[in-house]
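*Asks:* Turn this into a model:
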Amino acid sequence: MDAKRLNKSTPCTTLGRCIDCGHRERICNDFVLIAGQFIKDRIKVILVNEELGY
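*Replies:* Okay, here's the model as predicted:
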């Protein structure tokens, strides 16, 4: 698991999968809010269904 390679002691390293946690060392489970964007189609989101790093 990526978290183990980064020497993190999160619940994810024990379970082997990401969970909804608030651990101080977490590397995932972030919430991003983009607000006030006035230029239409300026931001694109691409979801890739494969492991590409951490």
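*Asks:* Surely residue 28 is in contact with residue 12?
*Replies:* Yes - between residue 28 and residue 12 there is a contact at 7.0 Å, judged by Cβ atoms under 8 Å. For the C-beta atoms, the positions are set from N, CA and C on the backbone; glycine is no exception.
*Asks:* between these two, who's got more neighbours?
*Replies:* residue 12 (22 against 14; other Cβ atoms under 10 Å).
*Asks:* what mean pLDDT does the helix or strand harbouring that one have?
*Replies:* Here residue 12, judged by DSSP states H and E, is contained in helix 11-15. For helix 11-15, the mean pLDDT works out to 84.
*Asks:* Which elements pack onto that helix?
*Replies:* Identification of packing neighbours for helix 11-15 by 3 or more Cβ pairs under 8 Å, 6 or more residues apart in numbering; DSSP states H and E yields helix 2-5.
*Asks:* neighbours around residue 10, how many?
*Replies:* If we define neighbours as other Cβ under 10 Å, then residue 10 has 21 of them.
*Asks:* my bad, should have said residue 21
*Replies:* Other residues close to residue 21 by other Cβ under 10 Å number 14.
*Asks:* Once you drop chain neighbours, what's closest to it?
*Replies:* In space, and not counting its chain neighbours, residue 21 is closest to residue 11: 5.1 Å by Cβ to Cβ, 6 or more residues apart in numbering.
*Asks:* Nearest spatial neighbour of the residue nearest to the spatial centre of the chain, chain-adjacent residues omitted?
*Replies:* Most central in the chain under Cα atoms, centre = their mean is residue 28, positioned 3.1 Å from the mean C-alpha point. Of all residues beyond its chain neighbours, the one nearest residue 28 is residue 18 (5.0 Å), with distances taken as Cβ to Cβ, 6+ apart.
*Asks:* repeat for residue 34
*Replies:* Nearest residue to residue 34 in three dimensions, chain neighbours excluded: residue 43, at 6.2 Å (Cβ to Cβ, 6+ apart).
*Asks:* pLDDT score assigned to that neighbour?
*Replies:* So, for residue 43, pLDDT stands at 85.
*Asks:* for the one 4 residues further on, same thing?
*Replies:* In this prediction, residue 47 carries a pLDDT score of 85.
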